[in-house]
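Engineer: Quick one, what's the 3D model for this:
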Amino acid sequence: MQIRLEEYKNGYVHFIGCGGVGTQPLMKIFHELGFRCSGSDMARSAATDALAGMGLKVHIGHNAANLPPDDGSKLLVIYTSAAANYNPELVEAKRRGAICIRRGEALGLLTQCFKRVIAVSGSHGKTTVTGMITHTLKELGLSENRPIIGSVMN
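Structural biologist: Got it, this is the predicted structure:
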């Protein structure tokens with residue numbers, strides 16, 4: 001299935017598990033790129049508070065009613081691997097015919113939004129290597145007004 005993110009610019013992107021270490025940065029990035037975002041998490045945390053502080057709609061607890069309105073707009077649901085198949089938001093999103101993808105797939109989709117991408121992966125050293133790349137780009141003057149995304153754990 002080919003997903004084109006630009007098709008969701010006028011729709012909604014909903015994050016299940018938005019307070020997670022991998023999902024919270026994705027929600028922030030999608031928001032900064034101009035997508036209408038909402039999310040939910042089982043518990044309130046500094047991460048959910050930070051997202052809410054950006055003006056994003058963050059629900060505590062999982063409930064089908066947390067999804068954006070079913071107004072005919074396209075809906076993309078990005079969910080943590082910790083979300084069970086019976087998660088009420090995931091069940092409702094699938095019933096509506098929404099595209100539902102895991103956080104890791106969404107990370108790959110983000111590459112559609114940038115002209116150039118540097119990807120860092122592996123078992124160890126991602127943060128260190130990402131820091132080195134960021135430092136190098138800044139020293140070269142290549143980071144001004146360009147997003148630099150830190151490492152995201154798998």
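Engineer: who's in contact with the strand or helix carrying residue 93?
Structural biologist: Using DSSP states H and E, residue 93 falls within helix 88-96. Identification of contacts with helix 88-96 by Cβ atoms under 8 Å, 6 or more residues apart in numbering yields 14, 16, 40, 62-64, 66-67, 70, 75, 77, 79, 83-85, 100. (Each C-beta comes from the backbone N, C-alpha and C, glycine too.)
Engineer: Now for those: which two are most distant?
Structural biologist: Using Cβ to Cβ, the contacts of helix 88-96 reach their maximum pairwise distance at 70 and 84, which is 22.4 Å.
Engineer: higher neighbour count, those two?
Structural biologist: residue 70 (13 against 10; other Cβ atoms under 10 Å).
Engineer: Make sure residue 83 is indeed in a helix.
Structural biologist: No. Residue 83: not assigned to a helix; according to DSSP: H, G, I helix; E, B strand; the rest coil it is coil.
Engineer: need the contact list for it.
Structural biologist: 16-17, 62, 89-90.
Engineer: how about the nearest residue to it, chain neighbours excluded?
Structural biologist: residue 16 (4.9 Å; Cβ to Cβ, 6 or more residues apart in numbering).
Engineer: Distance check, the one you found against residue 71.
Structural biologist: For residue 16, the distance to residue 71 equals 20 Å [Cβ to Cβ, to the nearest Å].
Engineer: between these two, which one's more packed in?
Structural biologist: Using other Cβ under 10 Å, the more surrounded residue of residue 16 and residue 71 is residue 16, with 27 against 8.
Engineer: Check that one and give its pLDDT.
Structural biologist: Predicted confidence (pLDDT) for residue 16: 98.
Engineer: can you tell me which residues contact it?
Structural biologist: 23, 39-40, 62, 77-80, 83, 87, 89-90.
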